[in-house]
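**Q** Pasting a predicted model and its sequence here:
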2 protein chains.
Amino acid sequence: MNTLAEVTALYQTHFNNLIFPSGPPLLYDSIRYFLNGGGKRIRPVLCLLGNQLFNEIHEDAFHACHAIELFHNYSLTHDDIMDSSPLRRNRPTLHVKYNTSTAILAGDVLLIHAFTQINHLRELYKQPIAALFTTTAQQICEGQQMDVNFEATDLAAISYADYLQMITYKTAVLLAASVRIGAIIGGATPQQQADSYDFGKNLGIAFQIQDDYLDAFGDPAQTGKQPGGDILENKKTALLIKTMELSNTSQQADLRAAMQQDGAEKIAAVLQLYKACGADKWAMQTIGEYTAAARNYLDQISVPPHRKSALTELSNQLLERKQ
Amino acid sequence: MNTLAEVTALYQTHFNNLIFPSGPPLLYDSIRYFLNGGGKRIRPVLCLLGNQLFNEIHEDAFHACHAIELFHNYSLTHDDIMDSSPLRRNRPTLHVKYNTSTAILAGDVLLIHAFTQINHLRELYKQPIAALFTTTAQQICEGQQMDVNFEATDLAAISYADYLQMITYKTAVLLAASVRIGAIIGGATPQQQADSYDFGKNLGIAFQIQDDYLDAFGDPAQTGKQPGGDILENKKTALLIKTMELSNTSQQADLRAAMQQDGAEKIAAVLQLYKACGADKWAMQTIGEYTAAARNYLDQISVPPHRKSALTELSNQLLERKQ
């Protein structure tokens, strides 16, 4: 039984051993640049911990982990193009450092390599894992399309239900699938697999809403950055969408006016409206509900407690973070 | 045993039955728009004919065909973004009609759906087909990266060998893999599979060089368009690269000067240099050599002649076309 730190180090070692071809120029250079830029490897670690819930970590799990991590990195490279993001992990993004064509192709190759890793799995569980993986991949693209569409949609036309669907697909299903794929390799029963998935899904939703919350209400001393980055960009976060839903006509007009402002004044005005409408308390409560649901699904999985300890530690780290 | 026309119609019927989800907005609309825009379905037809070389067409072959055709369409959507192409099959390209983000995601989803189709294959040959498919997919991305890199490379720095490598990966390996995947499903021996692959690869190379040739020397009465489109764009075709290799210092200077010109004058000057260096005759000879090699690989496959007739008909259509 490995601790969280051991599993994380174990995966990083395997990840560092991934080898890509040398040429053609730019393509694999850009991939190496992107993959070596850091990243917490949360998803593959969730996969290994899902395996460890039920059994010793199987060598096959690393192929599944690579598929998940390469897929995640594919989605980041293409998202960065769509968002015109200049930086990722404090370094220039691929389309900035190389060019957009290379960034598109690097993402495509990462996606193809993810499937190559799935092909390395043994027959015993290749079919269910491949099916879950392709379904999840499709949902993630759909979630990203919803996010792209939100950009061009008026705030009042986006419901919290729409937002929840978007983050579930864009973020939560990959965490969910990561745990479930590990559980499949570990020999989980169908019910245990379903509980593993729902644990990861609720964890992912809680994590994303918390991300929105910390950007607005995080303590700069703990997050290391001034709050309000999302507000300055008019990003359609859980807080903004929910505030629009909770506010009366006068508050809605105030919110739209505040969104036209700039700088510290804008942040203060929007935060004041978030609080006036109770969106801050709603967010805390909602994060708590998804956190409780995640823990409940984990509790339902009846394995010896020591098998769960690393997974509990990781979820606590993710859900109780202040940054 | 089906004729070429029957196999083509059979595949189109299956292709028309592919169903994609309705939402989210734009994503699947754009995919349906792109897939319904026509296309000759040459690659899936090659796959069915590869199957038919050895056996009756198996229902599984249609999953393989869908994987191949969806992959081909993924690569077109992303290539169109990279090339900033406004039109495809006489209609606006995806990034023009929708937006670049949607075009990237539509390509990604087509790629993922290709792998979903591979997952539907039975265990008997899923592993070798999946391995060939992912290897081929990777090579196609590498070929596209080479093509992207050529754009920014001086003509004199690109050898014909570089060009050959680029078209082999970008174009020929998918035709080769299409025939081989069909052959695998049809129960071909490893040697027959290899011959099927090499048939498709040589066919693809001949086809691509012929494409370059017809753009320069095609008869407008037969091609339906004025020759010289590639010349006007200074596109690094087989003819341009080979002319640079074959020309003396004075001709190279003339070629570079001609490439700075415009319109009919430019086309006439470049064509004159192609002929002066013998690149036109070289191209005809080279197309003939790859055509002969393709036919030779097909001849080597010892099956009753009627099993080959549709494949021979298709390759004749492709290799003896005047447009």
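**A** Yep, it's here. Here the structure is a predicted model, which means the values were calculated and not measured. Numbering: from 1, shown residues only, chains lettered A, B, ... in the order given.

**Q** helix or strand for the closest residue to A:Arg88 other than its chain neighbours, which one?
**A** Spatial nearest neighbour of A:Arg88, excluding adjacent residues (Cβ to Cβ, 6 or more residues apart in numbering or on different chains): A:Asp80 at 5.7 Å. Glycine gets a C-beta too; all of them are placed from N, C-alpha and C. Secondary structure from DSSP states H and E places A:Asp80 in helix A:60-82.

**Q** Which SSE is immediately downstream of that helix?
**A** Using DSSP H and E, the first helix or strand after helix A:60-82 is strand A:87-88.

**Q** quick one: the helix or strand immediately after that following strand in the chain to chain centroid distance?
**A** Using DSSP H and E, the helix or strand that follows strand A:87-88 in sequence is strand A:91-92. Averaging C-alpha positions (Cα atoms, centre = their mean, to the nearest Å) puts strand A:91-92 20 Å from its chain's average.

**Q** Give the partner strands of strand A:91-92 in its sheet and their orientations.
**A** strand A:87-88 (antiparallel) (DSSP bridges).

**Q** and A:Arg122, how many neighbours?
**A** Around A:Arg122 there are 11 other residues, counting by other Cβ atoms under 10 Å in any protein chain shown.

**Q** For it, which non-adjacent residue is closest in space?
**A** Among residues not flanking A:Arg122 along the chain, A:Asp60 sits closest, at 6.1 Å (Cβ to Cβ, 6+ apart).

**Q** Any figure for the gap between the one you found and A:Arg307?
**A** Distance, A:Asp60 to A:Arg307, using Cβ to Cβ, to the nearest Å: 19 Å.

**Q** How much space separates A:Ile81 from B:Tyr274?
**A** According to Cβ to Cβ, A:Ile81 stands 38 Å off from B:Tyr274.

**Q** Looking at those two, which one has more neighbours?
**A** Taking neighbours as other Cβ under 10 Å, A:Ile81 and B:Tyr274 compare with B:Tyr274 leading, 26 against 20.

**Q** Are we agreed that that one is in a helix?
**A** Yes. Counting by DSSP: H, G, I helix; E, B strand; the rest coil, B:Tyr274 is located in a helix.

**Q** And the pLDDT for it?
**A** We have a pLDDT of 97 for B:Tyr274.

**Q** residue furthest from the geometric center of chain A?
**A** The C-alpha centroid of chain A is most remote from A:Ser250, which lies 35.3 Å away (Cα atoms, centre = their mean).

**Q** For it, list the residues it contacts.
**A** A:Ser250 makes contact with no residue, according to Cβ atoms under 8 Å, 6 or more residues apart in numbering or on different chains.

**Q** how about it, secondary structure?
**A** helix.

**Q** Okay, now the unreliable bits of chain A?
**A** Chain A contains residues with pLDDT under 70 at A:322-323.

**Q** what does it put close to chain B?
**A** Proximity of chain A to chain B (Cβ under 8 Å from any Cβ of the partner chain) is limited to residues A:21, A:23-27, A:78, A:81-82, A:99-102, A:104-105, A:107-109, A:111-113, A:115-116, A:119, A:123, A:127, A:130-131, A:134, A:137-138, A:141-142, A:144-146, A:148-149.

**Q** let's go with 7 Å and repeat that
**A** Counting by Cβ under 7 Å from any Cβ of the partner chain, chain A comes close to chain B at A:24-27, A:78, A:81-82, A:101-102, A:104-105, A:108-109, A:111-112, A:115-116, A:119, A:123, A:130-131, A:134, A:137-138, A:141-142, A:144-146, A:148-149.

**Q** Can you pick out the ones from those that are in helices?
**A** Secondary structure from DSSP state H places A:27, A:78, A:81-82, A:101-102, A:104-105, A:108-109, A:111-112, A:115-116, A:119, A:123, A:130-131, A:134, A:137-138, A:141-142, A:144-146, A:148-149 of the residues of chain A next to chain B in helices.

**Q** Please pick the buried ones from those residues.
**A** Listed as buried from these are A:27, A:78, A:81-82, A:101-102, A:104-105, A:108-109, A:111-112, A:115-116, A:119, A:130, A:134, A:137-138, A:141-142, A:144-146, A:148-149; burial here means 16 or more other Cβ atoms under 10 Å in any protein chain shown.

**Q** Now the residue lying closest to A:Glu151 once chain neighbours are set aside. Its backbone dihedrals?
**A** In this structure, A:Glu151 finds its nearest non-sequential neighbour in A:Lys236, 7.8 Å apart by Cβ to Cβ, 6+ apart. Backbone torsions of A:Lys236, given as degrees, to the nearest 10, read phi -80, psi 80.

**Q** again with A:Asn17
**A** phi -90, psi 0.

**Q** how far does stretch A:184-196 stretch from start to finish?
**A** Terminal residues of stretch A:184-196 lie 10 Å apart, using Cα to Cα, to the nearest Å.

**Q** residues of that stretch that come out buried?
**A** Neighbour counts over stretch A:184-196 (16+ other Cβ under 10 Å) mark A:184-186, A:188, A:192-196 as buried.

**Q** Please dump the residues you listed into JSON lines; it should also carry secondary structure and distance to B:Lys266 for every row.
**A** Putting the buried residues of stretch A:184-196 into JSON lines (DSSP: H, G, I helix; E, B strand; the rest coil; distance: Cβ to Cβ, whole Å) gives the following:
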{"residue": "A:Ile184", "secondary structure": "helix", "distance to B:Lys266": "61"}
{"residue": "A:Ile185", "secondary structure": "helix", "distance to B:Lys266": "61"}
{"residue": "A:Gly186", "secondary structure": "helix", "distance to B:Lys266": "66"}
{"residue": "A:Ala188", "secondary structure": "coil", "distance to B:Lys266": "67"}
{"residue": "A:Gln192", "secondary structure": "helix", "distance to B:Lys266": "69"}
{"residue": "A:Gln193", "secondary structure": "helix", "distance to B:Lys266": "65"}
{"residue": "A:Ala194", "secondary structure": "helix", "distance to B:Lys266": "66"}
{"residue": "A:Asp195", "secondary structure": "helix", "distance to B:Lys266": "69"}
{"residue": "A:Ser196", "secondary structure": "helix", "distance to B:Lys266": "64"}
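
**Q** Let me know the closest of those residues to chain B.
**A** A:Ile184 (14.9 Å; Cβ to the nearest Cβ).

**Q** My guess is the closest one contacts A:Gln193. True?
**A** Yes. Using Cβ atoms under 7 Å, A:Ile184 is in contact with A:Gln193, at 6.0 Å.

**Q** Identify the residue of the stretch 201-323 of chain A closest to chain B, quick one.
**A** For the stretch 201-323 of chain A, the residue closest to chain B is A:Lys236, as judged by Cβ to the nearest Cβ, at 14.7 Å.

**Q** neighbours of that residue, just the number please.
**A** Counted by other Cβ under 10 Å, the residues lying close to A:Lys236 total 20.
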